[in-house]
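Engineer: kindly generate the corresponding structure for this input.
(4 chains)
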Number of protein chains: 2
Amino acid sequence: MGRKAHFTNEQFYSAAMSRVAENGPESVTVASIAEAIGAPVGSVYHRFSSREMIMAGLWLSIAESFQKGFLEILDAGHCIAASLYTPQWVRRNPIESKILLLYRREELIGGEWPEQVRERAEGLEQELRSGLNSFVKKQFGRCSEKNIRRMVFALIDVPLASVRRHLENDETPPEYVDELVRETCITMMEVRNENI
Amino acid sequence: MGRKAHFTNEQFYSAAMSRVAENGPESVTVASIAEAIGAPVGSVYHRFSSREMIMAGLWLSIAESFQKGFLEILDAGHCIAASLYTPQWVRRNPIESKILLLYRREELIGGEWPEQVRERAEGLEQELRSGLNSFVKKQFGRCSEKNIRRMVFALIDVPLASVRRHLENDETPPEYVDELVRETCITMMEVRNENI
DNA sequence: GACATATTAGAACCAATATTCTAATATGTA
DNA sequence: TACATATTAGAATATTGGTTCTAATATGTC
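Structural biologist: Coordinates of the predicted model:
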């Protein structure tokens, strides 16, 4: 029927993504996205209902892709590999990782989360929680609150901490961070009797 | 000579601080600070040359106070205690810790760092680096790059990671985070031969 | 080729907020 | 009490950036 689209959604996302990685989330204005791909601002609003929707879509697609890989490893029961997933993913995806791991979600998406977006985000959380639960059950026999916390720490919090410093400096995380993360993960797996 | 000040600097800082803790750095407008203490915006600019200067002063005073306590423990050579300093400080300073540990510095202080402010910040970094160096020298005999990294990880990055999740949720870090941090710190202190 | 509609196009609009400016006011000193 | 000045006071200004609106344009279908 109508005329063919001149720009793809990916182009809009990609423009937003580069700008976030280069100058931080604040610098992403609707005008800057438009300019980056040579479109007028009106076109942006024709595709997306608001700036928030662009940022949310971008964030979600990166988060989904990250989490997919993580859960595959976790489901396979590879504990150490799961803890190393973050630094390795960061090396493979330097731009995406700044958006997902360096900035807070609220910096990217300030205001209202439209229903549809919230659902996708909740789906992600749900999926992660259940993946962790079954991992812990498999590894430790039973899924105590204490063991869940240990694994969140070993597989998520610590790996994130290990790369953040490097993301801030725009450098690829050096190999030694894997060693630190691995040692921590091994320690966390050594659950003593009183912990079970 | 002139008339006495009606408001103290602390009042301005404190107003800014509460707002950051409650609604995030974005919500701190010059008008909101003024309103919080019942002053007109003009008074704010009479004291501070810009919004940035308020935020920078606030951030610096918190950072200095945090770091002072940390370095005392570190200088005393108490490794585990140093790693536990962060979660414990967070429990004692719930408001301050959101400003110092939850938000990125760039969120608080966006643009230019005036000379004077930059100097104070650089002083802090310098002081921390040198404190860490002498700690590592004392603990490990020699101050290798590798050991420095391990200690930054054990004493700074991991403790920070251990509380961030809780700061986001506006809850005091539960006691068990100390256990996780302690175990990690112990692991990091066990430097094997090939690491020295 | 004519029509319908998706899309481009960009000017205009609006809201928020940092900053400036001018006037009024209070207080320490002579 | 009168003067000098730090401070309060808040209205006015300027800028930035998201959003809306109207017109022009291209493209698939009849």
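
Engineer: per-residue pLDDT, A:Ala31?
Structural biologist: What the model reports for A:Ala31 is a pLDDT of 94.

Engineer: contacting residues around it?
Structural biologist: The contact partners of A:Ala31, taken as Cβ atoms under 8 Å, 6 or more residues apart in numbering or on different chains, are A:Val41. Using the backbone N, CA and C atoms, a C-beta is placed for each residue, glycine as well.

Engineer: list the contacts of the residue of chain A found nearest chain B.
Structural biologist: Residue nearest to chain B within chain A: A:Ala161 (3.5 Å; Cβ to the nearest Cβ). When contacts are counted by Cβ under 8 Å, 6+ apart, A:Ala161 is found next to B:153, B:157-158, B:160-161.

Engineer: can you list the residues of chain A near chain B?
Structural biologist: Taking Cβ under 8 Å from any Cβ of the partner chain as the criterion, the neighbours of chain B within chain A are A:24, A:26, A:102-104, A:106-107, A:110, A:146, A:149-150, A:152-153, A:157-158, A:160-162, A:164-165, A:176, A:180, A:183-184, A:186-188.

Engineer: show me the residues you listed that map onto strands.
Structural biologist: Taking DSSP state E, every one of these sits outside strands.

Engineer: what subset of the residues you listed is buried?
Structural biologist: With neighbours counted by 16 or more other Cβ atoms under 10 Å in any protein chain shown, these contain buried members at A:24, A:102-103, A:107, A:149-150, A:152-153, A:157-158, A:160-162, A:164-165, A:180, A:183-184, A:187-188.

Engineer: show me which of those residues neighbour DNA strand C.
Structural biologist: Taking Cβ under 7 Å from any atom of the strand as the test, DNA strand C is in contact with none of these.

Engineer: re earlier: among the contacts of A:Ala161, which lie within helices?
Structural biologist: When the contacts of A:Ala161 are checked against helices (DSSP state H), the matches are B:158, B:160-161.

Engineer: out of those, who's nearest DNA strand C?
Structural biologist: Nearest to DNA strand C out of the ones in helices among the contacts of A:Ala161 is B:Leu160 (Cβ to the nearest atom of the strand; 27.4 Å).

Engineer: mind checking how far that closest one is from A:Glu179?
Structural biologist: Look at B:Leu160 and A:Glu179: by Cβ to Cβ, to the nearest Å, they are 19 Å apart.

Engineer: now swap in A:Asn93 and tell me
Structural biologist: Going from A:Asn93 to A:Glu179 by Cβ to Cβ gives 21 Å.

Engineer: wait, A:Ser83 sits on A:Thr187?
Structural biologist: No - counting by Cβ atoms under 8 Å, A:Ser83 stays clear of A:Thr187, with 10.9 Å between them.

Engineer: between these two, what contacts are shared?
Structural biologist: Shared between the contact lists of A:Ser83 and A:Thr187 (criterion: Cβ under 8 Å, 6+ apart) are residues A:Ala154.

Engineer: for A:Pro40, give me phi and psi.
Structural biologist: For A:Pro40, the backbone dihedrals (degrees, to the nearest 10) come out as phi -80, psi 160.

Engineer: isn't it up against A:Ala34?
Structural biologist: Yes - taking contacts as Cβ under 8 Å, A:Pro40 lies within contact range of A:Ala34: 6.0 Å.

Engineer: quick one, which of those two is more surrounded?
Structural biologist: Neighbours were counted for A:Pro40 and for A:Ala34 using other Cβ atoms under 10 Å in any protein chain shown; A:Ala34 has more, 19 against 11.

Engineer: which parts of chain A are helices?
Structural biologist: For chain A, applying DSSP H gives helices covering A:9-23, A:30-37, A:41-47, A:51-75, A:79-92, A:94-97, A:105-108, A:115-140, A:145-152, A:158-168, A:176-189.
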